[in-house]
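Asker: My questions are about this predicted structure, shown below with the sequence.
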Amino acid sequence: MRTHIVARFAAIVLGLQGLAILALVVWQIWALVAGDTGSFESAVALVVLTAVGAVAVLAFAVATWRGQSWGRSGGIVTQLLILAVAIGAMTGAYAEPAIGFALAVPAVAALVLLVLAVRAAGRRAPGAASE
């Protein structure tokens, strides 16, 4: 199955997001080693969960690149979660609108690309309804 160009762009954005999450893991490990944490156990748990998230996003990127629907679906869910975090960063008592904006822009771009990739895949699928 040939992957549509939009899906390739979506996979690239997902891959960059996965690499950014890996960079966050490195930063968290650095803070853990430097003793810049309130609770060692909580910090280790957060590092593990962040690493699992990074691996998942990278897996979604690879699957999207290969044209597999589960990668697109997981990528869409990931973008919605990132947008929820971005909205949280933009609002509230400790709002950081710049951080929220920096999270929201690539998430919206990836979400649009992924939805377009789903639509393109539906057009190519055998037995798909014609427009």
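Answerer: Structure's in. What do you need? Numbering: from 1, shown residues only.

Asker: Need phi/psi at Q68.
Answerer: phi -90, psi 130 (degrees, to the nearest 10).

Asker: Ok, R66 next?
Answerer: Torsion angles, degrees, to the nearest 10, at R66: phi -80, psi 0.

Asker: Can you report how many residues neighbour it?
Answerer: A total of 12 residues lie near R66 under the criterion other Cβ atoms under 10 Å. The C-beta positions use only the backbone N, C-alpha and C, and glycine is treated the same way.

Asker: cool, and A104?
Answerer: By the criterion of other Cβ under 10 Å, A104 has 19 neighbours.

Asker: Could you do L81 as well?
Answerer: L81, neighbours per other Cβ under 10 Å, totals 12.

Asker: One more: L19?
Answerer: Neighbour count for L19, taken as other Cβ under 10 Å: 14.

Asker: chain center to stretch 104-114: distance?
Answerer: From the chain centre to the centre of stretch 104-114 is a distance of 9 Å (Cα atoms, centre = their mean, to the nearest Å).
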